[in-house]
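1. Starting from these lines, generate the structure:
(one chain, ligands or ions: 2)
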Amino acid sequence: MSVVIVTGVPGVGKSTVMNAAQDYGYKIVNFGSTMFEEAQKEGVENRDDMRKLPIEKQQSLQKQAGERISQMGDVVVDTHASILTPSGYMPGLPEWTISALKPNIIVLVEATAQEIAGRRSKDPSRMRDADDIDMHQKVNRDYAETAASIVGATVSIVENHDNQIEIAVEQFRKVLSK
Ligand code: AMP
Ligand code: MG
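-> Ligands and ions are numbered 1, 2, ... in the order given. Below is the predicted model:
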């Protein structure tokens, strides 16, 4: 059994990088989509509204999603080390989530703040926040390391720079091939 968690700030291109995992027989699961399936039953209409819900509500959706994904076997999980909420950075991998998922590896996909801002401006389908990208990436490293130390996972950083997607995919493949 092997679980890989892939994180990165909105717009860093983590979904693109992780599509390479399919070649290795992993199933890709999007944590936000699994949460949103539950949230929709309770009337939430847009996935980008979930991070504005009361923290207790987000945590209960997070718990339901974590439990569902933990039943799925070998997966690569597309998620976030931290979520920028109106009341601050909420851990995406708190103790109850990381202990349910028990990942072997936590990957952080990173790029420069300038590159990420540029990618966000080209994606009108999503409602991204105008936040401090460098700060968010720093918080993500801190939270990912804390989560990793609970379960003994390794942490790996994959750089996804402009016009270098092949290099990012290659780095990610190396992380996956045991
Ligand atoms: P994404 O499509 O990956 O940007 O995720 C959509 C939304 O799902 C995020 O903005 C969060 O509200 C929520 N989400 C994703 N992963 C997590 C997580 N591990 N914990 C809490 N919320 C999450
Ligand atoms: Mg995505």
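
2. Quick check, residue 156 in contact with residue 104.
-> No: if you go by C-beta atoms under 8 Å, residue 156 and residue 104 don't touch, sitting 10.6 Å apart. Any C-beta I mention is one placed from the backbone N, CA and C, and that applies to glycine too.

3. Pick out whichever of the two has more residues nearby.
-> The residue with more neighbours, out of residue 156 and residue 104, is residue 156; 18 against 14, by other C-beta atoms under 10 Å.

4. element containing the more buried one, please.
-> Per DSSP states H and E, residue 156 falls inside strand 154-159.

5. which parts of the next helix or strand after that strand are buried?
-> The helix or strand immediately downstream of strand 154-159 is helix 165-176, counting by DSSP H and E. Going by neighbour count (16 or more other C-beta atoms under 10 Å), the buried part of helix 165-176 is 168-169, 171-172, 175-176.

6. Same question for stretch 22-36.
-> 26, 28-32, 34-36.

7. could you dump those to TSV with secondary structure and distance to ligand 1?
-> As requested, the buried residues of stretch 22-36 are exported to TSV (DSSP: H, G, I helix; E, B strand; the rest coil; distance: C-beta to the nearest ligand atom, whole Å):
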residue	secondary structure	distance to ligand 1
26	coil	17
28	strand	12
29	strand	11
30	strand	6
31	helix	4
32	helix	3
34	helix	9
35	helix	5
36	helix	7
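
8. Pick the one among those closest to residue 108.
-> Nearest to residue 108 out of the buried residues of stretch 22-36 is residue 31 (C-beta to C-beta; 15.0 Å).

9. pretty sure the closest one contacts residue 77?
-> Yes: checked against C-beta under 8 Å, the pair residue 31 and residue 77 is within contact range at 5.6 Å.

10. shared neighbours of the two, anything?
-> Here residue 31 and residue 77 have residue 69 as joint contacts, going by C-beta atoms under 8 Å, 6 or more residues apart in numbering.
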